[in-house]
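Chemist: The sequence and its predicted three-dimensional model are supplied below.
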Amino acid sequence: MSETSTVLLTRASREHLDALERIETASFITDRISRRSFRRFIDQDIGDFQVLLSDGEVVGYYIVLYRQATQLARLYSLAVAPEHRRRGFGTKLLDAAENDADERHCLFMRLEVKTDNFVAQAMYHKAGYYDMEIRAEYYEDDSDALVLQKLLPSFELPEGSNGTQRLVPYRTQTTDFTCGPASLLMAMAYFDIPSNDAHYEELEIWREATTIFMTSGHGGCGPHGLARAALKRGMQVTLHVSVDGPLLLDSVRNNDKKQVMARIQEYDIASLKEAGVPIVVGDYTVSQLIADLNNGKLVVALISTYVFDESKAPHWVLICAADDNYVYINDPDQDTFPWQSAANRQYLPIPIATFRRAFGFGRRKQKAALVLEKSDNAPINQYNDA
């Protein structure tokens, strides 16, 4: 591709059929798209079907298909003419295909590629796709397909920030039961509140905030205890809860354990009231959440993981940002969402409708959220351990 070449993406039309057929024949031995099928995609305006022109010549194409009522896009086909390969056209086509899917608010792009097509796999892996599964005898010649997928949306800094807005640092919880403390530690790092030994402090916060019997095995952190821990560490806290008094008692069947759990929370509530921490009883709405985030605050929220993996587990996450379509979270548990890759746990996009279903826990959908900001008398971070 010379410096003077003109490269253009445009909607496929019938005038491109001859070139599309040549590219298809040269690119694939089996499972070729027929001329008739290309024409049907064009005439019926199915999905996103674009061709790439270089100096007016068709050098490649892509087709992205969409499944109704889902947020999944499928890269049905992508090909570049052999004589025009290794010139960046494949990457340009892939970027454009992802952009089309993202504009339709798709959460994922999924595709299949032959298991022995290592060149294509390398391009997709470089672009952030991860391997999902092998589909045996998927193609016409009985060869196997590797299924790849990518999480599409990414958090974008708001206009006017000039790139000065900090992203909330990410931290993975080190135990199965310290999602709440790990979320608080991420907030502390964002607000430049020091932690000399984060591994120790994660357990210390858990010890301060645990409700002892919330789940089987190790106890989980309650909202009132977490609020006290955040206050102790130099954060201003507004606690939103859906009911007055102790929460999450429904998760414990033993009456003696319920009484212990209630007593702990009642003491936490009394301590918060004595410290002047606002405890707002009622529904904490998504519009309130967005308003708090826009004011520079962070929100630690209790969610149920059932909508993601069908396990009814309470889980604390740190909400960092939101826009018209997604709530962006730092999820301290790398195993909560089976479709996420290691690089996607920071500012992980959750569709707002999905978040509404996940926000809250138990039969009565009890909700809890800690709205956090840095206190004026917070200690100065000397450790820089974010």
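Modeler: Received, thanks.

Chemist: just the helices in the stretch 101-250 of the chain please.
Modeler: Using DSSP state H, counting those that start in this stretch, the helices assigned to the stretch 101-250 of the chain run over residues 118-126, 179-190, 198-209, 223-232.

Chemist: Highest mean neighbour count out of the ones you listed?
Modeler: Comparing the helices of the stretch 101-250 of the chain by mean neighbour count (mean count of other Cβ atoms under 10 Å), helix 179-190 comes out on top with a mean of 27. Placement of C-beta: from N, CA and C, glycine included.

Chemist: outside of that helix, which residues touch it?
Modeler: With contact meaning Cβ atoms under 8 Å, 6 or more residues apart in numbering, helix 179-190 is reached by 166, 168-174, 194-195, 198, 201-206, 209, 220-221, 226, 229-230, 233-235, 298, 300, 315-318, 330, 332-333, 372, 385-386.

Chemist: Residue 43: neighbour count?
Modeler: Residues near residue 43, counting by other Cβ atoms under 10 Å, number 10.

Chemist: Leaving out sequence neighbours, find the closest residue to it.
Modeler: residue 14 (7.8 Å; Cβ to Cβ, 6 or more residues apart in numbering).

Chemist: Settle this for me: that neighbour is touching residue 39, isn't it.
Modeler: Yes: look at residue 14 against residue 39 with Cβ atoms under 8 Å: they come within range, at 6.7 Å.

Chemist: Which one's more surrounded, the two?
Modeler: Per other Cβ under 10 Å, whichever of residue 14 and residue 39 has more neighbours is residue 39, with 14 against 11.

Chemist: The nearest residue to residue 25 once chain neighbours are set aside and residue 110, how far apart?
Modeler: Leaving aside its chain neighbours, residue 25 sits nearest to residue 32 (6.8 Å; criterion: Cβ to Cβ, 6+ apart). If you measure residue 32 against residue 110 using Cβ to Cβ, to the nearest Å, the figure is 21 Å.

Chemist: Check residue 182 too.
Modeler: 30 Å.

Chemist: Then residue 322?
Modeler: With Cβ to Cβ as the criterion, residue 322 and residue 110 are 26 Å apart.

Chemist: who's more crowded, these two?
Modeler: Between residue 322 and residue 110, counting by other Cβ under 10 Å, residue 322 is the more crowded of the two (24 against 17).

Chemist: now the host helix or strand of residue 26: mean pLDDT?
Modeler: In the assignment (DSSP states H and E), residue 26 maps to helix 17-27. Across helix 17-27, the average pLDDT comes to 97.

Chemist: care to break the chain down by domain?
Modeler: Using automatic domain parsing, the domain ranges for the chain come out as 7-151, 179-374.

Chemist: Show me what counts as buried in whichever helix or strand residue 350 is part of.
Modeler: Per DSSP H and E: residue 350 is located in strand 348-351. Buried residues in strand 348-351, defined by neighbour count with 16 or more other Cβ atoms under 10 Å: 348, 349, 350.
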